[in-house]
Every structure is written in C-alpha cells, then in structure tokens.
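Engineer: pasting the sequence and the predicted model now:
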Protein chains: 6
Amino acid sequence: MAAPDINSPEEQARYQRGLEVLSAIDGGGAPAVMDGLGDIAPALAHHIVAFGFGDIYSRPALVPQQRQLITLGILAALGGCEPELEVHIRTSLNVGLTPEQIVETFIHTLGYAGFPRAINAITIAKKVFAERGLLPVSE
Amino acid sequence: MAAPDINSPEEQARYQRGLEVLSAIDGGGAPAVMDGLGDIAPALAHHIVAFGFGDIYSRPALVPQQRQLITLGILAALGGCEPELEVHIRTSLNVGLTPEQIVETFIHTLGYAGFPRAINAITIAKKVFAERGLLPVSE
Amino acid sequence: MAAPDINSPEEQARYQRGLEVLSAIDGGGAPAVMDGLGDIAPALAHHIVAFGFGDIYSRPALVPQQRQLITLGILAALGGCEPELEVHIRTSLNVGLTPEQIVETFIHTLGYAGFPRAINAITIAKKVFAERGLLPVSE
Amino acid sequence: MAAPDINSPEEQARYQRGLEVLSAIDGGGAPAVMDGLGDIAPALAHHIVAFGFGDIYSRPALVPQQRQLITLGILAALGGCEPELEVHIRTSLNVGLTPEQIVETFIHTLGYAGFPRAINAITIAKKVFAERGLLPVSE
Amino acid sequence: MAAPDINSPEEQARYQRGLEVLSAIDGGGAPAVMDGLGDIAPALAHHIVAFGFGDIYSRPALVPQQRQLITLGILAALGGCEPELEVHIRTSLNVGLTPEQIVETFIHTLGYAGFPRAINAITIAKKVFAERGLLPVSE
Amino acid sequence: MAAPDINSPEEQARYQRGLEVLSAIDGGGAPAVMDGLGDIAPALAHHIVAFGFGDIYSRPALVPQQRQLITLGILAALGGCEPELEVHIRTSLNVGLTPEQIVETFIHTLGYAGFPRAINAITIAKKVFAERGLLPVSE
C-alpha cells in the first residue's frame, strides 16, 4: 500500500481543513517552525496541519483554551521543547488565555515535573511576554 | 536552619488548609496513595497536602477543572505515572470533567508525546470508567 | 471547522488503507491494544490505523524492518512502554527481524539510554520469545 | 480555601528560613535564575525558597554534599536542565564537592541514563570549571 | 573490527574484576535481574558486570554510599525503573545507607522531578523495607 | 578492586580497537565532542571509544546503517540531545544512509514520541544538510 500523495485533491482538502483550524487559533500566520520544514520534510508540515489540527485539534470535546492549557503543561513537563513552547505560548495568548493563566500553568507543573521544568518554561514565557509588552505579570 | 516540625501548630494549620482544598476536589477521602506514606514518609504526605494543595492548587488563577486537564496531560506525557493517573482521573470526574473530556485530553496528548503515552493513559481511564459504570464513552 | 466523521466514506477509505499496511506487518490480526479502545476512544483507534499506518508507516523511504528497529529503540529508550514493546517485538519478528537482531537493538540502546531501559526491554523480549519457543537466543 | 499571601508575616518567616538555608550553600547570593522570576512569577521564587530550601533541603537526614550529588545525578539524567545544572555545579563546589567528584557523578550517570546525558552535563561542568580556573581536572 | 569474545581470558579477567566490585556491594549474590539475561543476552550481563562495575563503579572518586545516593535519585527521576530501584534499594542498605537516608533521597527528588516520581520510588522502598522488617521508618 | 588504568597496555589495546570501529564509521576524525573531554574527563572519552564502539558497536548482529537508524530514533525521542544528534546525523551520512532516510526516521519518530521531538530533530538535520549542500531533500 503506497502512502497518500500529499498533493492529491483529497490530501489538499484535508490540509485546507487543518489550515483553517490552525489559522483560527494562531492569528493567521503559519508558525515559522512550519515554514522551515518546506525544503526538508514537507510531508511532516502537511501532516502537522492535516492530522494534528484538522483531525485532532478540531475535535469538539475540548475548546482551544483547554487544549492550550494541556499543551503548555505537556511541553513544559517533557523538557527540551523550547521552540514549541514559544509557539504555543503565543497561540495561548491568541485564544484568550491571560499571562497569569499561562504562568500559573507552569507553576502547577512543578508539582508533577519538578522546579527545573517549571522555571525553564517560565523563562520562555518571559521572553514572549517581554516582546508583547505584557510584563510585569500581576498576581 | 532546622526543617520545620510538621506537628507544630503552624505546620498543622498549613496542613489543614491543604486538606480543605484536597477534600473539595477529591470527594472527601484522602487518596490511598497518601495513606500508604504514613509509616515510611509522613513528611512527604504532609508536604503534598500543605504545599501541593494548600500553597499551589489553591491559587485562584486556574480553576480545578483547568488544573485537572493540565495534570492529566502532564501525567500521560511523563509516562510511568499509572497510580497517579488513576487518582487524578477520579479527581477529574469529581470536579466535573466528563469522561469525553478526559479521553479527549489523552487523544490530544498523542500529538505532543506520541501514541504509546496516549494509549497507556486511556487504558487507565478505561479501568476507572469501568468501575464507575461510565463505559462506553460516547463521542 | 468540524473534525472529520470517522465513519464517512473518505475516512473509511483512509482506515482501510492503513489496515492493509498494518495487516501486512502484524500477521493479519489487529493488536489487542487496539480492540481495547473500541468502547472508550474509537477515534484514537481509527487514527492509529489511518494516520499512523496509512499515512506514515507506508511511506517508502524506510522498509518495515528498518521502521521496526527504530521503533524498538524509541520504545525502549522512552521507558514505560511495556505493552507497546510487546506488540512491536511481535511485529518485528513478523517482518523478519531475528531474535538476535531484536536483542541487539536493546543492547545498542544501553549506550544512549542506560542499562535499566535496555534490561527492561529485554525482559519483555524474553517473555515474547518464550511464548514462541525462541529461547535461548544464540549469539 | 484561598492560597496564602506570600507577603504575610507567616510566609515571610518561611521565606527567611529558606533563604538562610539557601545562603549557606550557595555562597550568599540568590541565583540569577531566581531574580529573573521577579516580574513574572514571584510566587514561584517564593516557593522555591520557602518550600524547596526551607522545608525540604533543610531536613537533616542528608547533608548538603549528599543532596548535591543526588541533584547533579537527577538533573543530568532528566536532560534539558542546562541552566539548573550550571547553578547546581556552582553550589556543589560551594558545599565542598571537588571537581573530580562532580565529574565522577556524571560519569556514574552514564550507566543509568546513557552517554549523551553524561556528556552534556560534563559540557556544562567544563564551562563552570573554566570560569573558576579549575581545569584541567586531575584523575 | 570484531567485537571481543566475552569468553576470552582477557574478558573473563575483566568480568571477574567487576564481579568482585559487585559482590562487595550487593552482599555476594548477583541480582536476579542479571540471572534472567543468561539465555537471551549473556553479553549484556557480561558488560553490566565488566564495564558497569569493573570499569565505572570501581573508580575511586566516589564511594559506594555516594554512588548509591546518585543512582537512587536518577532511577527515581527517570521513572519506569521499578525493577532496578528494587535492586538498588537493597544494595543501598547493603553499603550502609539507612532507611531514613533512602527515603530522604526520594523526598529530595520531588523538587527536581515532581511528586509522582518521588511517591512511586517510595512505594518500592516500602516493599523492600517491609520484607526486611524495617518499617516504620523513623524521622 | 581498583578501576583499570586507562593508560595500561590492555586498556590502550581496547581503546585502539574501539577507535578502529569509530574511524570506520565517522570518516576518520574523532568527533569534536570527544576532544572536548580531554581536560575534564579523559576516562569518559576512553570508555566511549573502548566500550561504546569497541565492545558494543562492533557486535555483528546489526550493521552500521541499522545502528545509526536506531540511534537517530533514540536521540530524537529522548530530547535534549542536540549535540549528539548532530554528530550522529553526520555519521549516518558517512555509513551510507541518505538524507531521505534520515528525515524519514524522524518522521517515523513522531508517532512514538510526538511532533515536537520530530521537529527538533529535523531542525538539526537541516543544519547538517545545509552545511553539506544536501538541501532540498527530495521525497
């Protein structure tokens, strides 16, 4: 069985559906990390959009704010996901989470994954918040 | 500097505050995992309650349903946390998350931590849901 | 944008394609772990087959023996993936890897993930090999 | 139940106790990583000191040299904790561990977490030792 | 270049040296986990002893009590190492660490790897201590 | 039992054997990461070569192309192994894996360890491929 051609009409339709989901949460621009895949792994970029957003993120049982909270917790806990945390902190702001909620998610993480993972995630949040003029974060 | 005496009035007050937070979300009974610490690490049980629940979980920036979603995502992603997942799936039901939302949290996890972590977490959810007569989960 | 209906003709076609890929490598029977998802997360079972096998595993740049070697290394290194290791050790035998190669994959893992992960994976291999009468493994 | 006010006299007393423990091991200056939390998560900085050092690190069953050995092993094994490793390698020197013992801790780590984690930790140690004129490390 | 024959006199000498190191710390009996490797991966058992104990553990920069503290911290933090934790908790008792120190190592772990990893390790310690009549652990 | 002297004739013979294995796969130059160990942990550099390559990598049950596929999968899945990934992507090209196979290994990884680990590994591959004029990678 051959893998599907990502340029077929069926796959392009799947991709478009995913792109709509992604655009609704990230403010309209595909993240830079995705652009970087174009000359090395375009199929990966396709599947992140078509599967990750079109098939999974779009499922109605959780709303984007909930999905972003979960994603931030997971990425912080895994460690080594700094580029993805940066993307997802921006997306979290886009879907309406406040800086306080984002910081609190990482404080919550410390109980389950330890202080270092929490501190490292907050370091990334601080960078994003500084760029957007969101510091200091009130408590 | 000596560590604080967990039986001092100050520490007992901190413990009581944490116990109120914990009781409000877990239905009133301390989890069995905590009872098991009594004859080997009572200070750990104290700090889980006094610090984990009294100092952290009680912070108002996130509500219990949000904290449970984050916790489920983290525990699923870390792997090897089956006993804690079981406790937190029960707590998640107690604070009003539906079986559909709990399952969806684990499905969401697959994109960030892979299929095996998602499948293993759902295996634990299935055990908890079966005990509570919550199967099948509708979609 | 709504998530796709997994019972639509398009999704069923994707599922069938994935099932052909899966059947070719696992000897024809869907793994028990997948059956267990039916009453709790049928969409997850669908996407494991349609996406994991139909979209990814079927890509021609690596053959099944190569994919299984990589999978065994990853699962051993992640830890806490015992049920998935068991499935994938069986699949590895089905696609023609020898017991010696499977064991060697886990011995190779020790340099990158330490002795405990290697030992735990070999413990699972021993269980599978014993069931199939493949012990002792010659060197 | 509301979370405690970190500026209350009780919490400030807990913080002061933790700060004494921390100052005794890190040479008197709060680590830069903590300063960086001031405008984004002051409560996290408070709890690292009050709980992490005041409640846990101060417990008498292990002395600072032992705690630092354990911490170095954990941080090396987790991976992705480079900023924390840097802080803790300095602290380890402060409490009297020798460069040889610090390096040996990471060599010991390789058996349990693999060569890459050990090499990455030693890379951080090399940076700290170079700043302090502690290279080469004799064996 | 061929791999060395583990039955050559040179390798047997390396193995004997490792076995002396191992016997000195584990009370004289090779751990059961090693016996289990005999019919599936005898070379792995050889290298655990010859390399892990003969080449690494025997290095003088750290004494066995220190190595065991580090090992317990690493295994607890990694998660999914229950069989190895059980072996190393026994070894830790053999080299003179007290139950209080072992428990404290896991309590110390919580700050760096979170409560679940600490609780799971203490669950294993409780099992070992119960078998040896070492409960309750005083504080 | 004392640890072996890495400068003894026996150990130097083991080292030479490992160096031949390493040179055959990495194109003749010891990786820079090894050179960096010389003034801080020469014994670690010795054991990486003598044990990692001489004792393990040289075992005949898997050929270098297979070992590199497994290694790439493990390093990608562990996360936080960027320097090692860079070394091993170069080695993988040296032993004859194509850029397409290397990228595919990381795409395969996403199913078992999630999208972030796959994306981060491909980011490193892109850097190596760019240096060698191997972009774009065809599919």
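Structural biologist: Looks like it arrived, so ask away. Numbering: from 1, shown residues only, chains lettered A, B, ... in the order given.

Engineer: switch to C-alpha atoms for all contacts and neighbour counts from now on
Structural biologist: Fine.

Engineer: my read: A:Leu62 touches B:Ile102, true?
Structural biologist: No. Contact criterion C-alpha atoms under 8 Å: A:Leu62 and B:Ile102 do not qualify, at 9.3 Å.

Engineer: who's more crowded, these two?
Structural biologist: Between A:Leu62 and B:Ile102, counted using other C-alpha atoms under 10 Å in any protein chain shown, the more crowded position is B:Ile102 (23 against 18).

Engineer: outside of whichever strand or helix holds the more buried one, which residues touch it?
Structural biologist: For B:Ile102, the host element (DSSP states H and E) is helix B:99-113. Residues outside helix B:99-113 that contact it (C-alpha atoms under 8 Å, 6 or more residues apart in numbering or on different chains): A:52, A:56-57, A:61-62, A:67, A:70-71, A:74-75, B:69, B:72-73, B:76-77, B:89, B:92-93, B:116-119, B:121-122, B:125, B:129, B:134, B:137-139, C:40-41, C:44, F:110-116.

Engineer: confidence score at the residue nearest to the spatial centre of chain A?
Structural biologist: For chain A, A:His88 is the residue whose C-alpha lies nearest the centre (C-alpha atoms, centre = their mean; 3.4 Å). Note on A:His88: pLDDT of 96.

Engineer: ok, it - contacts?
Structural biologist: When contacts are taken as C-alpha under 8 Å, 6+ apart, A:His88 is in contact with A:Gln68, A:Thr71, A:Leu72.

Engineer: let's see that with 7 Å instead.
Structural biologist: Residues in contact with A:His88 (C-alpha atoms under 7 Å, 6 or more residues apart in numbering or on different chains) are A:Leu72.

Engineer: so it is in which element?
Structural biologist: If you go by DSSP H and E, A:His88 is part of helix A:82-94.

Engineer: may I see the buried residues of that helix?
Structural biologist: The neighbour-count check on helix A:82-94 (16 or more other C-alpha atoms under 10 Å in any protein chain shown) flags A:Glu82, A:Glu84, A:Leu85, A:Glu86, A:Val87, A:His88, A:Ile89, A:Arg90, A:Thr91, A:Ser92, A:Leu93, A:Asn94 as buried.

Engineer: chain F: which of those is nearest?
Structural biologist: For the buried residues of helix A:82-94, the minimum distance to chain F (C-alpha to the nearest C-alpha) is 6.5 Å, reached by A:Glu84.

Engineer: flag every residue of chain A that's near chain E.
Structural biologist: Within reach of chain E by C-alpha under 7 Å from any C-alpha of the partner chain, chain A has these residues: A:Leu110, A:Gly111, A:Tyr112, A:Ala113, A:Gly114, A:Phe115, A:Pro116.

Engineer: where does the nearest residue to the fourth one once chain neighbours are set aside fall, phi/psi-wise?
Structural biologist: Sequence neighbours aside, E:Gly114 is the residue nearest to A:Ala113 in space, at 4.2 Å (criterion: C-alpha to C-alpha, 6 or more residues apart in numbering or on different chains). E:Gly114 has phi and psi values of phi 90, psi 160 when expressed as degrees, to the nearest 10.

Engineer: same check on A:Ile6?
Structural biologist: A:Ile6 adopts backbone torsions of phi -70, psi -10, taken as degrees, to the nearest 10.

Engineer: now it: how far from A:Ala50?
Structural biologist: Counting by C-alpha to C-alpha, to the nearest Å, the separation of A:Ile6 from A:Ala50 is 10 Å.

Engineer: more crowded one of those two?
Structural biologist: Here A:Ile6 and A:Ala50 are set side by side on neighbour count (other C-alpha under 10 Å), and the busier one is A:Ala50, at 25 against 18.

Engineer: tell me, how many residues neighbour the closest residue to A:Gly36 other than its chain neighbours?
Structural biologist: Among residues not flanking A:Gly36 along the chain, F:Thr123 sits closest, at 7.9 Å (C-alpha to C-alpha, 6+ apart). Neighbours of F:Thr123 under the rule other C-alpha under 10 Å: 17.

Engineer: which SSE is F:Thr123 in?
Structural biologist: Since the elements are taken from DSSP H and E, F:Thr123 ends up inside helix F:115-131.

Engineer: report all helices and strands that that helix contacts.
Structural biologist: For helix F:115-131, the elements it packs on are helix B:99-113, helix F:64-78, helix F:82-94, helix F:99-113, judged by 3 or more C-alpha pairs under 7 Å, 6 or more residues apart in numbering or on different chains; DSSP states H and E.

Engineer: so where's chain A shaky on pLDDT?
Structural biologist: Across chain A, the stretches falling below the confidence threshold (pLDDT under 70) are A:1, A:28-33, A:139.

Engineer: and it, what are its domains?
Structural biologist: A:1-61, A:62-138 (the TED database).

Engineer: out of those domains, which one sits most buried?
Structural biologist: By mean neighbour count, with neighbours taken as mean count of other C-alpha atoms under 10 Å in any protein chain shown, domain A:62-138 ranks first of those at a mean of 21.

Engineer: quick one: it to chain centroid distance?
Structural biologist: In terms of C-alpha atoms, centre = their mean, to the nearest Å, the centre of domain A:62-138 is set 10 Å apart from its chain centre.

Engineer: which residues of chain A lie near chain F?
Structural biologist: With the criterion set to C-alpha under 7 Å from any C-alpha, chain A comes near chain F through A:Asp39, A:Ile40, A:Ala41, A:Leu44, A:Gly80, A:Cys81, A:Glu84.
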